[in-house]
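# Provided below are the primary sequence and the corresponding predicted coordinates.
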Amino acid sequence: SDNNVISSENEKSTVDHGNEHHISSDKCNIDSSDTTPINQSATNAILSQLSSPPNLLTLSRIFATPYLSYLLISHNDKSMAASSSAVVDGGTTSAAVSYPIPVDAAADAASTTAAETLSTIATHLDQSSTPAFALSLFLFMGFTDFLDGYIARKFPSTSTVVGTYLDPVADKIFISITSLTLCYTG
């Protein structure tokens, strides 16, 4: 036959159309306890690289991008509500934008406090969603992009392998989410 299998106690050889493959059974046993220290040390190495100043600036850009998107969308919602006000019977009726937080009537004091806290946060976020603040955040994010590159070039000890991958990813996230947000708002 074309395929012959020859077995021994420590080694298996497989003959397949003239090509011979040797597989040692001793090397095929994988001990999961051996991989745990490697994974933990790799995790520690990545975390230590993430704590370098350029990478912290890059991470701040990644985390600030959705907030910038929120600022742009919420300002657009407010301007749309203001422009959709209509004059009815001599009075002005406007469509006010509100963000109600549903609270069950039977909720205990802790959930009421949490709802009040979320309502307060939403109110402060709405008050800060001005075009000037969004522009300031956008410029700050651009400055941190310059600054993390400058620090990594000026001080090579702060440059990391994780940073070489993280910075372009942060740029792509920032540009794509901002572009999609601007397309959405018109």
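Sure, I can see it.
# And Ile175, what's its pLDDT?
Ile175 is assigned 94 on the pLDDT scale.
# Around it, count how many other residues there are.
Residues lying near Ile175 (other CB atoms under 10 Å) number 11. Any C-beta I mention is one placed from the backbone N, CA and C, and that applies to glycine too.
# now Leu57
Neighbour tally, Leu57, other CB under 10 Å: 22.
# Now name the helix or strand holding it.
helix 53-83 (DSSP states H and E).
# packing partners for that helix?
If you count contacts as 3 or more CB pairs under 8 Å, 6 or more residues apart in numbering; DSSP states H and E, helix 53-83 packs onto helix 32-50, helix 109-128, helix 131-154, helix 161-185.
# Reformat the ones you listed as TSV; add distance to Ile73.
Shown next, in TSV, are the helices and strands packed on helix 53-83 (distance: least, CB to CB, whole Å):
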stretch	distance to Ile73
helix 32-50	29
helix 109-128	12
helix 131-154	10
helix 161-185	6
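# Which of these has the lowest mean pLDDT?
helix 109-128 (a mean of 67).
# which one of the helices and strands packed on helix 53-83 lies closest to Tyr70?
Closest of those to Tyr70 is helix 109-128, at 7.4 Å (criterion: CB to CB).
# How about Gly163: what's its closest non-neighbour residue?
Asn55 (4.9 Å; CB to CB, 6 or more residues apart in numbering).
# ok, the one you found touching Val162?
Yes. Assessed by CB atoms under 8 Å, Asn55 is found in contact with Val162 at 6.3 Å.
# So which of these two has more stuff around it?
Asn55 (22 against 16).
# That one: what's it in contact with?
49, 148, 160, 162-163, 166 (CB atoms under 8 Å, 6 or more residues apart in numbering).
# ok so, going back, now for the helices and strands packed on helix 53-83, which one comes closest to Ile62?
Using CB to CB, the nearest of the helices and strands packed on helix 53-83 to Ile62 is helix 161-185, at 4.9 Å.
# tell me the pLDDT at the residue nearest to Gly163?
Asn55 is assigned a predicted lDDT (pLDDT) of 92.
# Tell me the spacing between Pro54 and Ser74.
As judged by CB to CB, to the nearest Å, Pro54 and Ser74 stand 31 Å apart.
# what does Ala132 give?
14 Å.
# between those two, who's got more neighbours?
Using other CB under 10 Å as the criterion, Ala132 and Ser74 rank with Ser74 on top: 20 against 8.
# number of nearby residues for His75?
By the criterion of other CB under 10 Å, His75 has 17 neighbours.
# for Asn39, that is, sorry about that
By other CB under 10 Å, the residues close to Asn39 number 9.
# Please list all residues in contact with Pro173.
Rather than Pro, residue 173 is Ile. By CB under 8 Å, 6+ apart, Ile173 lies in contact with 62, 65.
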